[in-house]
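Chemist: I'd like to go over a predicted model; first the sequence, then the structure.
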Amino acid sequence: MSIAMPATAPTKIPTMVNVAVFGATGSIGQNTLDVVARHPDRFTVFALAAQRNVAALKAQCLQYKPRFAALADPQAAVQLRKELREERCSTEVLAGASALDELAAHPDVHTVMAAIVGAAGLSSTLAAARAGKRILLANKESLVMSGKLFMQAVHHGKAHLLPIDSEHNAIFQCLPDTRLAADNIQPGIKRLLLTASGGPFLRTSSSALHNITPEQACAHPRWIMGKKISVDSATLMNKGLELIEASLLFAMSATQIDVLIHPQSIVHSLVEYVDGSMLAQLGNPDMRTPIAFALGWPARITSGVESLDLVQLSKLEFEAPDDIRFPCLRLARDAAKCGDSAPAALNAANEVAVAAFLDGQLRFTEIANVIDAVLQKHQVVPLDSLEAVMHVDAWARECAIKHRNSASHPTVLSNSIDVRMI
Ligand code: NAD
Ligand code: MG
């Protein structure tokens, strides 16, 4: 097995680390700023970036005083610039997606938190990879869609890629020191086990799943997250995307990665070795733990997360996932086995279907149907350039929109959620 991770600790970590937070106004972005603020002697907030939420980014600029702020929406950036000037805040405001790419590659940035949601994060995350930054990867969709191309950019750019997804962060913590591989010693890894809470509908019948509303789907029992990943957790597509993510990060085939439902979300994932040992990482379900791990690595730094009380917890349960009620997991596993452009098509179709569900245009159970229809039509091709990735992404979106329109029953669904204001 080859672990696509830094083989040794980076030799030069600056005493003061400049951090750029992409997706700053979201759930991961806010948790990152919480951890960063606990270590003013170690980290400086150099840049903050988001889509269009002026009020939230303004408040963060006034609190953290970054050198740069960027909004992908140009009009929102104009508004932010005006409001910060009125507050006499010296943060320079940049506008548009290309500004995000420039910031990700800025020579003064050491660490990039890639926490934009969805395919929108690909460009800036790739820019950080090419520029050789330490990338804290929360934006799993960018890796899923660009696959080996992304890993090559990390390799060629000599970037350091550290997983933020709690499962992948746990696996990283349970893997042997990668210097073993450098010395040609076999690490003896048998398989990876990704844990999943099972989401809010773990015990919901197939027939009841039909009438699920966006509010119900976004009410995750263990984690507080953005809406898109919350719906992905409810369909188990999140675990499917994570399976693809794990196979790319740790260079394992999809057949060596199993998914295990663990409703308590305390064991964040496991690695099984050939001698029968299983190593697991445990902790309270709080994203500040993997964020602090990746920010400080190889040092351990405090995160603000409470100690796990094992006595109070008393029991940990595990069960197999149900592929019948949650077909998205099977679709993602099939795409992972297929490789090449299949994960990119799966990801794009899922983004379209989830947005339609949140908008009240598609039933919860139709999300998988739309993705399935797109994958059935998709002609798998190798992805050898970013253009090829974007071509598949655009094709799959168009195809998903056609299937969404033919599947939709707008009169039956209510309680849509505005996904655009984050
Ligand atoms: P969120 O919806 O709370 O936040 C998304 C952020 O992305 C916001 O700051 C938004 O402004 C920004 N954004 C959206 N579109 C953008 C665009 N076009 N240009 C620039 N910025 C844009 O999402 P989240 O829950 O923080 O998740 C972020 C990423 O982290 C996702 O890829 C998710 O899968 C991953 N992740 C999240 C968690 C979690 O606990 N929330 C856990 C593991 C992985
Ligand atoms: Mg996860």
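Modeler: Arrived safely. Ligands and ions are numbered 1, 2, ... in the order given.
Chemist: what does the stretch 201-350 of the chain have sitting close to ligand 1?
Modeler: Selection of the stretch 201-350 of the chain residues close to ligand 1 by CB under 6 Å from any ligand atom yields Trp223, Met225, Gly226, Lys228, Ile229, Met287. In this view, the C-beta of every residue, glycine as well, is placed from N, C-alpha and C.
Chemist: Including secondary structure, neighbour count and distance to Ala131, could those go into TSV?
Modeler: Output for these, formatted as TSV (DSSP: H, G, I helix; E, B strand; the rest coil; neighbours: other CB atoms under 10 Å; distance: CB to CB, whole Å):
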residue	secondary structure	neighbour count	distance to Ala131
Trp223	coil	16	31
Met225	coil	19	28
Gly226	coil	19	26
Lys228	helix	21	27
Ile229	helix	25	26
Met287	coil	25	25
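Chemist: In stretch 32-39, which residues are buried?
Modeler: Thr32, Leu33, Val35, Val36, Arg38 (16 or more other CB atoms under 10 Å).
Chemist: among those, which are in helices?
Modeler: Taking DSSP state H as the definition of helices, these contribute Thr32, Leu33, Val35, Val36.
Chemist: correct me, but the second one touches Ala50?
Modeler: No: taking CB atoms under 8 Å as the contact criterion, Leu33 and Ala50 are not neighbours in contact, 11.8 Å apart.
Chemist: Common neighbours of those two, please.
Modeler: Residues within reach of Leu33 and of Ala50 at once, by CB atoms under 8 Å, 6 or more residues apart in numbering, are Ala24.
Chemist: Strands of the stretch 251-400 of the chain, start to end?
Modeler: Secondary structure of the stretch 251-400 of the chain (DSSP state E, counting those that start in this stretch): strands located at 257-261, 267-273, 278-282.
Chemist: Show me the one of the ones you listed that comes nearest Ile301.
Modeler: Closest approach to Ile301 among those is made by strand 278-282 (16.3 Å; CB to CB).
Chemist: Can you work out which other helices and strands pack against that closest one?
Modeler: Strand 278-282 sits against helix 166-174, strand 267-273, with contacts defined as 3 or more CB pairs under 8 Å, 6 or more residues apart in numbering; DSSP states H and E.
Chemist: same thing but at 10 Å, please
Modeler: Other helices and strands packing on strand 278-282, by 3 or more CB pairs under 10 Å, 6 or more residues apart in numbering; DSSP states H and E, are helix 166-174, strand 189-196, strand 267-273, helix 288-296.
Chemist: Strand 278-282 and the last one, what's the angle between them?
Modeler: Note on geometry: by axes from the mean of the first three to the mean of the last three CA atoms, to 10 degrees, helix 288-296 and strand 278-282 are set 100 degrees apart in direction.
Chemist: now for helix 288-296, which elements pack on it?
Modeler: Against helix 288-296 (3+ CB pairs under 10 Å, 6+ apart) you get strand 17-22, helix 27-37, strand 111-114, strand 134-137, strand 160-163, helix 166-174, strand 278-282.
Chemist: and this structure, which residues reach ligand 2?
Modeler: Residues of the chain lying close to ligand 2 by CB under 5 Å from the ion are Asp165, Glu167.
Chemist: Outline the domain layout of the chain.
Modeler: Annotated domains of the chain cover 17-171, 330-405 [automatic domain parsing].
Chemist: Using PDB, write out every CA atom in the host helix or strand of Gln152.
Modeler: Per DSSP states H and E: Gln152 is located in helix 140-157. The C-alpha coordinates for helix 140-157 follow below in PDB (Å, rounded to 0.1, in the frame of the first residue of the first chain):
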ATOM      1  CA  LYS A 140     -14.200  16.000  -0.300                       C
ATOM      2  CA  GLU A 141     -16.100  16.700  -3.500                       C
ATOM      3  CA  SER A 142     -13.000  18.300  -5.100                       C
ATOM      4  CA  LEU A 143     -11.000  15.100  -4.600                       C
ATOM      5  CA  VAL A 144     -13.900  12.800  -5.600                       C
ATOM      6  CA  MET A 145     -14.400  14.600  -8.900                       C
ATOM      7  CA  SER A 146     -10.800  15.100  -9.900                       C
ATOM      8  CA  GLY A 147      -9.300  11.900  -8.400                       C
ATOM      9  CA  LYS A 148      -5.800  11.000  -9.400                       C
ATOM     10  CA  LEU A 149      -5.400  14.400 -11.100                       C
ATOM     11  CA  PHE A 150      -5.800  16.000  -7.700                       C
ATOM     12  CA  MET A 151      -3.300  13.600  -6.100                       C
ATOM     13  CA  GLN A 152      -0.800  14.300  -8.900                       C
ATOM     14  CA  ALA A 153      -1.100  18.000  -8.300                       C
ATOM     15  CA  VAL A 154      -0.400  17.500  -4.600                       C
ATOM     16  CA  HIS A 155       2.600  15.300  -5.500                       C
ATOM     17  CA  HIS A 156       4.100  17.600  -8.100                       C
ATOM     18  CA  GLY A 157       3.400  20.800  -6.000                       C
END
